[in-house]
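In: A structural model of the following input is requested.
(2 chains)
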Amino acid sequence: GNSVTQMEGPVTLSEEAFLTINCTYTATGYPSLFWYVQYPGEGLQLLLKATKADDKGSNKGFEATYRKETTSFHLEKGSVQVSDSAVYFCALSDRVTGGGNKLTFGTGTQLKVEL
Amino acid sequence: GAVVSQHPSRVICKSGTSVKIECRSLDFQATTMFWYRQFPKKSLMLMATSNEGSKATYEQGVEKDKFLINHASLTLSTLTVTSAHPEDSSFYICSARQNGRLYNEQFFGPGTRLTVL
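Out: Prediction:
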């Protein structure tokens, strides 16, 4: 079956530091890949996505590249801010015919950015 | 746009009682909604897919009679935890898929914290 593995947190960084959160996946076929972010007290929000190999998703300074050869979708940001403190979830959606599009999530990685 | 609300945000109940959680898409129609359960430091586990006007599709291992889902309109799905027990205590999150979008992105609610005493 499908699975997503994320690096365990929490990750604590100083402001303006470089961020990498690793994500690898196992899936049949050609899944779409996502990063979701959950700020304290809020629901999950889509941060970025990539739907095919070598696609790069980007948003708010965050980037992730769909690497089929390494089955990875690592999240990066060049300079984090305190406001980036949140929990980040890597997820995949299998392209099931019939409209399934179920999401499989990783365990989430908590990021804390300090001044 | 694409806002999903959940009510209540927190609920505490006694063992043996039933609890209903509402999930609403506020500014769009959603034929399909999803219910997830999140344990501390664990990923979101899909419980069931809720389809407007038809029966929900439950994931393996999820008790249908325990977790009743009703999706009576294009903007509302409800999850009822029947005869709740302490092991049902968890964070329940819903999401909704917007009709008509080229890409079937899911929009998530803020979650409901259920504590069963």
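
In: get me the contact residues on chain A for chain B.
Out: A:4, A:36, A:41-46, A:49, A:51, A:89, A:99-108 (CB under 8 Å from any CB of the partner chain). The C-beta positions use only the backbone N, C-alpha and C, and glycine is treated the same way.

In: enumerate every residue touching residue 56.
Out: No chain in the question, so chain A it is. A:A50, A:E63, A:A64, A:T65, A:Y66 (CB atoms under 8 Å, 6 or more residues apart in numbering or on different chains).

In: sorry, should have said chain B
Out: Shown in contact with B:A56 (CB under 8 Å, 6+ apart): B:A48, B:T49, B:S50, B:K64, B:I69, B:H71.

In: can you tell me the closest non-neighbouring residue to residue 65?
Out: Picking chain A for this. For A:T65, ignoring the flanking residues on the chain, the nearest one in space by CB to CB, 6 or more residues apart in numbering or on different chains is A:K56 at 4.7 Å.

In: that's the other chain; I wanted chain B
Out: Distance criterion CB to CB, 6+ apart; nearest residue to B:D65, sequence neighbours excluded, is B:T82 at 7.0 Å.

In: hang on, that neighbour packs against B:K66?
Out: Yes: here B:T82 reaches B:K66: they are 5.9 Å apart, a contact under CB atoms under 8 Å.

In: that older thread, closest to chain B among the contacts of A:K56?
Out: Minimum distance to chain B across the contacts of A:K56 is 11.9 Å, recorded for A:A50 (CB to the nearest CB).

In: count of residues packed around that closest one?
Out: 21 (other CB atoms under 10 Å in any protein chain shown).
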